[in-house]
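# turn this into a model:
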Amino acid sequence: MNSTVAISSAEPYVKAPLLYKGKVRELYDLGEHYLIAVTDRISAFDYVLKPAVPDKGNVLNSLSRFWFEQTAKLMPNHLVHADVDRLVPDVITDREVMKDRFMVTRKAERIDIECVVRGYITGGGWRQYQSTGEINGRKLPAGMRKNERFEKPIFTPAAKNDVGHDEDISIERMKELVGADLTDQLEAKSIMLYEFAHQYCAERGIILADTKFEFGLIDGEIILIDEIFTPDSSRFWAKENYALDIEIDSMDKEPVRTYLSGSGWDKNSEPEPLPELVVEETSRRYRDIFNRLVKG
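Model (predicted):
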């Protein structure tokens, strides 16, 4: 992966009905299955930014495909295939552009809960803890330090919201929304998956600080959907950068967040285009995390 061309939309390359267009992904109807196309669009603070970031979509899609294959023995997922040669002719108009940025998936009923697992106290969880001593209503030990590892990973769900931010909720509230049995199953499966990936990453000099999953139902069976263990759904730290009480530079779109935070942008209006150097550094980081995780 080393493309200099960024794809801001897959619509010119996919000849199928478009069902949904998210900040990064586009969902197309193939009849029996979905086709999920991953663009190079990048978002921050609820805005889709310009320009798109070369190779971002290739990395996100290829990483999800890799992890779906790695975790298939732990639980089923929605991946059918990601082989351009198995598509009906003419569904894809440019095979070279699309070959690494799509997957064909089973159609599942989405469970409207973002299943977040935290192995370390950082980010929004740290901010909650500083204010309340809790995360999502879960009381935590006093005196924890920023970036400290939990004795055991914790499950901190959020209610899905297709417009704006997802809403952090307690496990008790999740049980009210989807039922106690499903809540218990999703918590156990989420922590199991996190622990598997945390160990895998650790063997490659990377810390998986936290992550989020989406699940769906097919004929009553819980399956993994969307994306897993990508820089857009997870917080990765290089092991050599880990320390307590600091802001650790994460292996994702951190250059974009850093630039925007220091640019004077009010976060309430359309931001100016990202500088070329910020785009290049962000693209490099996405390729780097892919190479370290997949190629070792």
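# quick check: what element follows the helix ranked longest in the chain along the chain?
The residue-count maximum for a helix in the chain (DSSP state H) belongs to helix 180-202. Where DSSP states H and E defines the elements, the next helix or strand beyond helix 180-202 is strand 206-218.
# give me the angle between the longest helix of the chain and strand 206-218.
Here the directions of helix 180-202 and strand 206-218 differ by 150 degrees (axes from the mean of the first three to the mean of the last three CA atoms, to 10 degrees).
# give me the neighbour count for P153.
For P153, the count of nearby residues is 20 (other CB atoms under 10 Å). Bear in mind the C-beta positions are built from the backbone N, C-alpha and C, glycine included.
# quick one: which helix or strand includes the residue nearest to it when sequence neighbours are not counted?
Nearest residue to P153 in three dimensions, chain neighbours excluded: G119, at 4.7 Å (CB to CB, 6 or more residues apart in numbering). Taking DSSP H and E as the criterion, G119 maps to strand 113-120.
# any idea of the mean pLDDT for the helix or strand following that strand?
Remark: after strand 113-120, the chain's next helix or strand is helix 123-132, criterion DSSP H and E. Averaged across helix 123-132, pLDDT comes to 96.
# about what we covered before: for the residue nearest to P153, give me its contacts.
The neighbours of G119, taking CB atoms under 8 Å, 6 or more residues apart in numbering as the test, are R149, F150, P153, Y194, H198, L208, A209, D210.
# got a pLDDT number for it?
98.
# so what's the most centrally placed residue in the chain up against?
The residue lying closest to the centre of the chain (CA atoms, centre = their mean) is S233, at 1.9 Å. S233 is in contact with T211, K212, F213, D226, E227, counting by CB under 8 Å, 6+ apart.
# okay, and the beta partners of the third one?
The one in question is F213. Beta bridges link F213 to C115, judged by DSSP bridges.
# residue ranges in the protein under the pLDDT threshold?
In the predicted model, the chain carries pLDDT under 70 at residues 1, 3, 162-164.
# okay, now the domains of it?
8-107, 110-241 (automatic domain parsing).
# quick one, strands of the stretch 1-150 of the chain?
All strands of the stretch 1-150 of the chain, identified by DSSP state E, counting those that start in this stretch, fall at 18-21, 25-29, 34-38, 42-44, 47-49, 79-81, 102-105, 109-110, 113-120, 134-135, 138-139, 149-155.
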